[in-house]
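Asker: I need the structure of the sequence given here:
(2 chains)
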Protein chains: 2
Amino acid sequence: MTQERPYQTLSSRYLWQSRWYNLRQDQLRAADGSQFTYTVVEKPDAVWVVPVTNDGQVVLINQYRYAIDAWCLEVPAGNVEPGSDPHEMARRELREEIGGITDRIVPVAEFYTMNGIGNEVAHIFAALDVTLAQPAREPTEHIRLRLVPIDQALRLARSGDIKDGPSALALLLSEPVLRNTHGEHAP
Amino acid sequence: MTQERPYQTLSSRYLWQSRWYNLRQDQLRAADGSQFTYTVVEKPDAVWVVPVTNDGQVVLINQYRYAIDAWCLEVPAGNVEPGSDPHEMARRELREEIGGITDRIVPVAEFYTMNGIGNEVAHIFAALDVTLAQPAREPTEHIRLRLVPIDQALRLARSGDIKDGPSALALLLSEPVLRNTHGEHAP
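Answerer: The predicted structure is shown next:
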């Protein structure tokens, strides 16, 4: 399906730049000739990883999030760093945030987290047969692990108890992969 | 469960402010005395509304999103404006974006869309028994309607074809409400 681009970008400048994200302000022209500005949160892609141990437990983390001043139940996540790729970052976040190790990290889906104001792409992975070692966290990460059976993790996502939207969606989109791998081991 | 707040906010200033969102930079102190900055996308709450017609069709919209330079399949959404509340905004977005009218707008869930960098809260509603009239859109909205049966809408969300994360999650969290209302009318 071919679809047109309704706006033309006339100019572009950065209002703010950082390691984490930038604020880019563009001047646009619509088809009718009218002009306006649009300010975009320009952000690296990020990964969310749904980890499942070899005995069928999903590893959730309870994490303090300063932006909302609250603790949130989530799956491991992080920005894709320069020189890395989503798959490699999924492996690294799994290791750093929960001490998780596995060779079976499979891509599940991709979606936009904030397409009204920003360009972040979420890459979703399921990490299967994970074994847990000692995590190596960044000093600003406040994290507590919570292991729950696959069915309970999916219920927490469906009930709205997992308040981090991308984590809840990551769990629900991973359901077929999780069930294919661990369905036969369910108690 | 009581949980501590790991950081103390020492100071706070705005780097940028607009009608749509602000950029707020805080200076923080951790429990070990170290200090660092955290820059928050301070944004009004927003609503996502899953509209279902009285004959069981979900009304999706195909919308151009400048921030990602792409057309996305979504459900109607928008910021909660000053002086309004989420339920009223759901009614208004339904009316403005697809010309939808109904008295049955029910709350489904709430989640954070970007808790790593911003404070946006997504309020999810299902709009049932919707009748479609002429929409009254904002000039910057480029939108095309696409009506699909409930099952197909849920499949599009589960398969990753709905690339707007909050829209996909809104559909999946609305499933029980949609099925309760329209399950018995299914063809």
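Asker: which stretches in chain A count as strands?
Answerer: Secondary structure of chain A (DSSP state E): strands located at A:7-16, A:22-30, A:35-42, A:46-53, A:57-65, A:70-74, A:77-79, A:100-101, A:104-112, A:121-132, A:143-149.
Asker: can those go into CSV with extra columns for distance to chain B, mean neighbour count and mean pLDDT?
Answerer: Using the backbone N, CA and C atoms, a C-beta is placed for each residue, glycine as well. CSV is the format used below for the strands of chain A (distance: least, Cβ to the nearest Cβ, whole Å; neighbours: other Cβ atoms under 10 Å in any protein chain shown; pLDDT from 0 to 100):
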stretch, distance to chain B, mean neighbour count, mean pLDDT
strand A:7-16, 6, 12, 96
strand A:22-30, 6, 17, 96
strand A:35-42, 5, 16, 97
strand A:46-53, 8, 27, 98
strand A:57-65, 4, 21, 96
strand A:70-74, 5, 20, 95
strand A:77-79, 7, 21, 97
strand A:100-101, 19, 19, 96
strand A:104-112, 4, 19, 98
strand A:121-132, 6, 22, 97
strand A:143-149, 9, 15, 92
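Asker: which residues does the most centrally placed residue in chain A bridge with?
Answerer: The centre of chain A sits closest to residue A:48, judged by Cα atoms, centre = their mean, with a distance of 3.3 Å. Beta bridges link residue A:48 to residue A:77, residue A:124 when assigned by DSSP bridges.
Asker: surely it is in contact with residue A:80?
Answerer: No. Judged on Cβ atoms under 8 Å, residue A:48 makes no contact with residue A:80 at a distance of 11.4 Å.
Asker: returning to that earlier point: save the strands of chain A as CSV, and put in distance to residue B:39 too.
Answerer: Formatted as CSV, those follow (distance: least, Cβ to Cβ, whole Å):
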stretch, distance to residue B:39
strand A:7-16, 8
strand A:22-30, 9
strand A:35-42, 11
strand A:46-53, 16
strand A:57-65, 14
strand A:70-74, 18
strand A:77-79, 14
strand A:100-101, 29
strand A:104-112, 21
strand A:121-132, 20
strand A:143-149, 21
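Asker: ok, back up a step: let me see the contact set for the residue nearest to the centre of chain A.
Answerer: Neighbour list for residue A:48: A:75, A:76, A:77, A:122, A:123, A:124, A:125, A:166, A:167, A:170 [criterion: Cβ atoms under 8 Å, 6 or more residues apart in numbering or on different chains].
Asker: next one: residue A:174
Answerer: A:50, A:108, A:124, A:126.
Asker: and for residue A:20, the neighbour number?
Answerer: Per other Cβ atoms under 10 Å in any protein chain shown, the neighbour tally for residue A:20 reads 12.
Asker: pLDDT score for it?
Answerer: The model reports residue A:20 with a pLDDT of 96.
Asker: quick one: contacts for the residue lying closest to it once chain neighbours are set aside?
Answerer: Distances taken as Cβ to Cβ, 6 or more residues apart in numbering or on different chains place residue B:117 nearest to residue A:20, at 6.6 Å, with adjacent residues excluded. Going by Cβ under 8 Å, 6+ apart, residue B:117 touches A:20, A:21, A:41, A:43, A:67, B:39, B:40, B:41.
Asker: so residue B:117 versus residue B:24, what's the distance?
Answerer: 11 Å (Cβ to Cβ, to the nearest Å).
Asker: mutual contacts of the two, please.
Answerer: Shared contacts of residue B:117 and residue B:24, defined by Cβ under 8 Å, 6+ apart, comprise B:39, B:40.
Asker: show me which helix runs longest in chain A.
Answerer: helix A:165-182 (DSSP state H).
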